[in-house]
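Asks: whatever this is, show me its structure:
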Amino acid sequence: MSGLLENKSVLVTGAGSGIGRASAQAVAREGGAVTVADIKLAGAQETVDMITQAGGRAVAVEVDVTDEVQVDAMVTAAEDAFGPLDCAFNNAGIARGRDHVPGTLTAQTSFQAWQDVLGVNLNGVFLCLRRELQSMEKRGAGAILNTASVAGLIGLAGASPYTASKHAVVGLTKASALEYAKTGIRVNALCPGYVTTPMTNGTKQGDDKRMERVPMGRYGTVDEVAELVVWLLSDRASFCTGSSFTVGGGIEAG
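Replies: Here you go, the predicted structure:
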């Protein structure tokens, strides 16, 4: 029995750890050939090694998604490795800027912290999305998924740069989906809630209060998120575009 992404060429950014790594592995298990992209080449290569040891196909690419030239080279590398892009998961992101302390109010947030977060979470998604659309337009088909967050749907106090960036990703996703709806290219947003990843491991102080907001009362796992990623990239989701899909244990319902 073939997998959901059999013989698909799939690009995943931020795939050196966390949700990106789990998603790249899930894509490979479903028969996809994965270009594993990350700002840390060592992390990307570790993911590739995991995939190939399990019998999958993957290549590693180092990329800073805020750099237009590097993004272009990343997509070209994916095309060279596995042919024209069928799917892309724009997952690379950061939680805060270099001098941002969790809980910092907007009035005390530095412009540097704002630029850091918007640079990766919004500009990075835009640069990847633009180049991927150009690739997919040539063949008149494709599926793109952009990582936003439940913070792209609701407010998150003490994290105004992050919240703003994720709301913007949702808006960018909607606009792009409308533009390409008749071309055979689908664009959706993924909105995880609290998920156990390397990025969240250092922010679990006050877990009791966090979990009060989650009806299911726990953190999600990267594998649970990856299952949704695979489905949204697959042809099973053929009538889904311009939507934001939440995987957060019910947090958005409260």
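Asks: can you list contacts of the longest helix seen in the chain?
Replies: Secondary structure assigned by DSSP state H gives helix 160-180 as the longest helix of the chain. Contacts with helix 160-180, where a contact means CB atoms under 8 Å, 6 or more residues apart in numbering, come from 93, 95-97, 100, 105-106, 109, 113-114, 116-118, 121-122, 125-126, 129, 133, 137, 144, 146-149, 151-153, 155-156, 186-189, 191, 241-244. All C-beta spots, glycine's among them, are computed from the backbone N, C-alpha and C.
Asks: where does the prediction get shaky in the stretch 51-200 of the chain?
Replies: Flagging of the stretch 51-200 of the chain using pLDDT under 70 yields the residue ranges 199-200.
Asks: quick one: the helices in it, in order.
Replies: Here the stretch 51-200 of the chain has its helices, by DSSP state H, counting those that start in this stretch, at 68-82, 111-118, 125-137, 160-180.
Asks: the last one vs helix 111-118, what angle?
Replies: What it means is helix 160-180. Counting by axes from the mean of the first three to the mean of the last three CA atoms, to 10 degrees, helix 160-180 lies at 40 degrees to helix 111-118.
Asks: with the first one instead?
Replies: With the same axes, to 10 degrees defining the directions, helix 68-82 sits at 20 degrees from helix 111-118.
Asks: what helices or strands is helix 68-82 leaning on?
Replies: Packing partners of helix 68-82 (3 or more CB pairs under 8 Å, 6 or more residues apart in numbering; DSSP states H and E): strand 9-13, strand 33-38, strand 57-62, helix 125-137.
Asks: can I get these in a markdown table with distance to residue 214 and mean neighbour count?
Replies: A markdown table is the format used below for the helices and strands packed on helix 68-82 (distance: least, CB to CB, whole Å; neighbours: other CB atoms under 10 Å):
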| stretch | distance to residue 214 | mean neighbour count |
| --- | --- | --- |
| strand 9-13 | 26 | 29 |
| strand 33-38 | 28 | 30 |
| strand 57-62 | 33 | 21 |
| helix 125-137 | 25 | 20 |
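Asks: tabulate the ones you listed (JSON lines), appending distance to residue 170.
Replies: Below are the helices and strands packed on helix 68-82 laid out as JSON lines (distance: least, CB to CB, whole Å):
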{"stretch": "strand 9-13", "distance to residue 170": "18"}
{"stretch": "strand 33-38", "distance to residue 170": "22"}
{"stretch": "strand 57-62", "distance to residue 170": "26"}
{"stretch": "helix 125-137", "distance to residue 170": "11"}
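Asks: so which of those gets nearest residue 89?
Replies: For the helices and strands packed on helix 68-82, proximity to residue 89 was assessed by CB to CB; strand 9-13 is nearest, at 4.6 Å.
Asks: so what does the closest one touch, helix or strand wise?
Replies: Applying 3+ CB pairs under 8 Å, 6+ apart, we find strand 9-13 packed against helix 18-29, strand 33-38, helix 68-82, strand 87-90.
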